[in-house]
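# I would like the atomic coordinates for the input below:
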Amino acid sequence: MIPRTSCVFGYLPLERSSEDVDIIFTRLKEVKAFEKFHPNLLQQICLCGYYENLEKGITLFRQGDIGTNWYAVLTGSLDVKVSDTSNHQDAVTICTLGIGTAFGESILDNTPRHATIVTREHSELLRIEQKDFKALWEKYRQYMSGLLTPPYGVMETGSNNDSKYERLDMRWWTPLIDPHIPHHPTKTITQVPSEKILRAGKILRNTILSRAPHMIRDRKYHLKTYRQCCVGTELVDWMMQQSPCVHLRTQAVGMWQVLLEEGVLNHVDQEHHFQDKYLFYRFLDDEREDAPLPTEEEKKECDEELQDTMLLLSQIGPDAHMRMILRKPPGQRTVDDLEFIYEELLHIKALSHLSTTVKRELAGVLIFESHPKAGTVLFNQGEEGTSWYIILKGSVNVVIYGKGVVCTLHEGDDFGKLALVNDAPRAASIEDFNRILRDVEANTVRLKEHDQDVLVLEKIPAGNRISNQGNSQPQHKYIVMSGTPEKILEHFLETMRLEATLNEATDSVLNDFIMMHCVFMPNSQLCPALMPSQGTEQEKMDYALNNKRRVIRLVLQWAALYGDLLQEDEAAMAFLEEFYVSVSDDTRMIAALKEQLPELEKIHKVLLQLFNTSDDRAQKRQPIRGSDEVLFKVYCIDQTYTTIRVPVSSSVKEVIGAVADKLGSGEGLIIVKMSSGGEKVVLKPHDVSVFTTLSVNGRLFACPRDQFDALAPLPEQEGPSTGTVGTFELMSSKDLAHQMTIYDWELFNCVHELELIYHTFGRHNFKKTTANLDLFLRRFNEIQFWVVTEICLCSQLSKRVQLLKKYIKIAAHCKEYKNLNSFFAIIMGLSNVAVSRLSLTWEKLPSKFKKIYAEFESLMDPSRNHRAYRLTVAKLDPPIIPFMPLLIKDMTFTHEGNKTFTDNLVNFEKMRMIANTVRTVKFCRSQSFNPDAALTNKNHQDVRSYVRQLNVIDNQRTLSQMSHRLEPRRA
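Modelled structure (predicted):
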């Protein structure tokens with residue numbers, strides 16, 4: 001949780017200001033447990049909730065206790081334990097409560113707790129006391145009854161209410177379909193279409209009749225005439241031409257599927273799956289023979305509403321597309337269908353630990369179920385397990401006889417798997433699930449040494465490709481799943497295809513190893529393994545003949561990836577020197593090595609130059625290296641400072657040493673990172689990159705440990721007191737976006753791919769700096785706060801409206817330049833609570849700009865794992881400046897959801913997934929950025945200087961206070 005939120009939660013409810021409540025409200029809106037709460041209810045929770053920060057192993061309450069508090073999980077997780085006896089030692093963990101879950105409603109009627117709750121890891125909770133929770137229940141019962149677990153929420157009672165069984169109910173926030181609808185043709189999936197989708201269908205039909213009337217006409221097929229129909233492929237073509245938010249044909253299919261599900265569009269033979277084929281579909285209005293044509297006024301209305309309609313359908317289309325595929329019998333799913341499901345499975349936390357092969361197999365057997373009514377019993381206690389469930393939407397209550405609701409499961413959680421695996425009494429079917437496990441094991445090859453696994457390979461389909469010689473490629477190939485570092489290296493060398501060029505896709509698996517080896521096989525271990533082993537001259541000659549060319553290939557790729565970073569590694573540089581000499585010697589006897597020697601010689605020459613001072617290099621911004629020295633101010637408790645010169649990669653321990661040398665004494669010194677809001681973090685001795693990981697207005701302080709509480713932010717950390725609107729309102733929005741993109745590209749281009757790996761696995765584990773990545777991430781925050789700062793410092797309403805328009809224009813140009821990092825930073829700045837609450841300002845914004853902003857906001861939609869953003873990027877060609885925080889999130893998700901080592905073997909499946917994400921950076925930079933010549937030739941020194949020296953306020957409390965002064969809260 002963000003420190004500022006926990007800080008304001010720490011105030012007693014009566015001490016919280018309106019700004020404090022705004023800060024808490026903003027953060028809680030992002031928490032899953034509260035996403036469906038009415039704003040008025042959430043506002044009251046902000047006023048009365050308490051923040052709990054608990055270490056692992058803390059017992060919140062025990063089974064049988066009378067409750068006094070209600071809780072929601074903000075971060076971390078907690079185990080739910082139940083016991084059949086009064087002895088809590090034999091309690092069994094029945095499930096785990098994750099982020100977004102809530103529990104403790106029993107305080108409404110003082111019934112004993114049904115389970116013991118223990119923190120599984122460091123966790124942060126929101127706590128509401130009983131008296132406050134009861135008051136909220138009395139006042140907001142109509143909002144809360146559908147959100148709390150039974151018996152307090154609305155729940156239909158099953159007919160077997162008196163029998164002893166485990167009961168689960170799945171509650172859906174949006175009406176879906178009945179899973180028991182038969183597969184034979186029926187009228188529609190949803191019996192009564194919603195008003196929104198009815199309107200959407202009418203707008204699309206009228207727009208087609210207005211712009212492309214030939215698409216809706218009588219059609220003949222096999223001597224039969226079908227009245228007023230459209231063709232599936234033509235509908236998809238048309239949809240893609242109408243809006244920039246539709247990027248792929250599969251996306252358009254999902255949008256039409258929304259209309260098909262609700263009966264607003266129908267297949268002439270009543271099929272439920274919309275297809276991008278020559279199939280006939282008819283709008284609901286055209287089912288009548290006398291369907292009227294749109295009037296001129298209706299055409300005008302539809303033109304105005306079309307983009308909003310497209311936006312709505314693009315947001316709900318992916319869900320409809322997923323349901324459509326999962327409704328198909330597994331045998332009817334296409335390759336594209338399976339790929340679509342697989343992409344979805346990648347982002348479900350319950351499956352994060354499964355291998356790629358298992359996920360792909362699951363894609364073929366998963367079945368869709370919908371339970372629109374709360375209270376539906378999925379299975380009873382004591383029944384034999386036959387299905388494994390994953391929750392796509394809604395929530396499920398676990399109710400045990402005699403104990404009531406013991407926990408609630410949410411989106412992404414799973415249940416029923418344990419019964420499948422154990423075949424225990426008590427949704428792929430159990431047969432499918434067990435078959436997948438058997439098939440994966442059957443296709444697994446284990447290499448053992450001394451009865452221990454040292455390499456695990458998995459056989460997967462390779463596809464039937466034809467080589468240049470006309471020979472069919474093997475139908476299967478083996479991929480590395482896990483192994484010891486040495487055996488993984490040995491396998492890649494043995495299977496390397498020497499005839500392939502360096503850039504061929506066949507070398508991608510080798511690239512995975514080269515990119516990720518720092519995690520499990522550092523250079524000090526890799527380099528000796530690449531040199532010939534000690535032995536007789538004949539053994540060395542055999543090595544040179546059989547392996548040397550492959551090792552050269554690996555070394556060339558390794559040196560190309562690491563580049564200048566190798567100069568900071570003594571072991572790597574010594575190896576390159578020795579390896580170059582060794583290869584040079586071998587070429588006298590092995591002619592095949594001669595063709596590779598020039599490439600190796602080129603790398604050797606470049607890397608052995610400690611400094612490259614060519615004009616080209618001098619003119620470009622250079623990446624920060626760990627050995628570069630930096631002058632930095634470290635402040636003391638009296639707010640004086642001392643300036644130290646240390647390498648960028650210095651640890652906190654080394655920084656303390658440098659400060660002590662300047663101060664004359666360093667006994668008991670600690671280094672503290674201080675934000676402008678007063679949040680203080682004591683840095684650990686082994687922390688590195690301490691200078692570049694500061695917040696925008698953050699500073700470093702050095703003080704004795706006993707003076708920590710007395711530290712206070714510097715006045716300069718507060719930021720500006722006047723805005724710069726008078727300066728930058730004279731600058732063209734396009735010029736500003738262009739100069740921002742040039743600067744952002746310079747920062748992005750300096751980020752080494754390995755910095756993402758260091759950041760994900762912990763830079764201190766590698767003793768490496770991530771300075772370039774840190775600066776690029778800080779730039780995102782800087783632009784975000786720049787937007788908020790300038791608007792909150794503008795006291796004149798009309799000027800603030802102009803600022804909103806200016807920032808929306810700049811965002812549009814950033815998107816045009818494919819600078820998605822700044823684009824998102826600006827939009828997130830505009831959605832900051834200090835800006836979004838300025839209702840008087842937003843009311844004055846012209847509707848044209850409101851629509852553009854709404855479209856931009858939709859690209860920030862986090863649902864379906866930021867699908868809207870990912871679809872946008874998928875359609876772009878490089879150069880691209882990506883939304884870096886999301887890239888970091890993807891890598892963190894993979895890292896935290898998968899162990900690095902399994903059974904003492906490197907989990908190479910995890911390495912492959914992370915390397916695949918890192919390759920996104922390489923793709924985005926695969927074409928160099930060439931600034932707009934027309935804009936570059938103009939004299940923009942003032943704009944260039946402005947965007948590189950933004951002065952901002954990064955204290956959310958200060959910004960909220962300024963916002964409330966501009967527009968006080970309405971009564």
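# State the helix or strand in which residue 478 lies.
strand 476-483 (DSSP states H and E).
# Neighbouring strands of that strand in the sheet, and parallel or not?
Strand 476-483 sits in its sheet next to strand 452-461 (antiparallel), strand 905-907 (antiparallel), going by DSSP bridges.
# Pull the first one out as CSV, backbone CA atoms only.
As requested, C-alpha coordinates have been extracted for strand 452-461 and formatted as CSV (Å, rounded to 0.1, in the frame of the first residue of the first chain):
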residue,chain,number,x,y,z
GLN,A,452,19.1,-37.1,-9.1
ASP,A,453,17.3,-35.2,-11.9
VAL,A,454,19.8,-32.8,-13.6
LEU,A,455,17.8,-31.9,-16.7
VAL,A,456,14.0,-32.1,-17.4
LEU,A,457,12.8,-31.7,-21.0
GLU,A,458,9.3,-31.6,-22.4
LYS,A,459,8.2,-32.8,-25.8
ILE,A,460,5.9,-30.3,-27.6
PRO,A,461,4.5,-30.0,-31.2
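# By mean pLDDT, flag the weakest helix or strand of the chain.
strand 167-171 (a mean of 27; mean pLDDT, DSSP states H and E).
# Following element in sequence after that one, please.
For strand 167-171, the following helix or strand on the C-terminal side (DSSP H and E) is helix 195-211.
# Would you mark the buried spots in that next one?
197-210 (16 or more other C-beta atoms under 10 Å). In short, each C-beta sits where N, CA and C put it, glycine included.
# how about those in JSON lines, adding distance to residue 760 and pLDDT?
Below are the buried residues of helix 195-211 laid out as JSON lines (distance: C-beta to C-beta, whole Å; pLDDT from 0 to 100):
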{"residue": "197", "distance to residue 760": "42", "pLDDT": "91"}
{"residue": "198", "distance to residue 760": "47", "pLDDT": "92"}
{"residue": "199", "distance to residue 760": "45", "pLDDT": "92"}
{"residue": "200", "distance to residue 760": "41", "pLDDT": "93"}
{"residue": "201", "distance to residue 760": "45", "pLDDT": "93"}
{"residue": "202", "distance to residue 760": "49", "pLDDT": "93"}
{"residue": "203", "distance to residue 760": "45", "pLDDT": "93"}
{"residue": "204", "distance to residue 760": "44", "pLDDT": "94"}
{"residue": "205", "distance to residue 760": "49", "pLDDT": "93"}
{"residue": "206", "distance to residue 760": "50", "pLDDT": "93"}
{"residue": "207", "distance to residue 760": "46", "pLDDT": "93"}
{"residue": "208", "distance to residue 760": "48", "pLDDT": "93"}
{"residue": "209", "distance to residue 760": "53", "pLDDT": "92"}
{"residue": "210", "distance to residue 760": "51", "pLDDT": "91"}
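# Can you say which two of those are spatially most distant?
Farthest pair in these (C-beta to C-beta) is 197 and 210. Separation: 20.1 Å.
# Residue 722: which element?
Here residue 722 sits in a region with no helix or strand, counting by DSSP H and E.
# Longest helix in this structure, by number of residues?
Using DSSP state H, we find that the single longest helix of the chain is helix 296-327.
# Can you name the element that comes right after it?
Heading C-terminal from helix 296-327, the first helix or strand you meet, by DSSP H and E, is helix 335-345.
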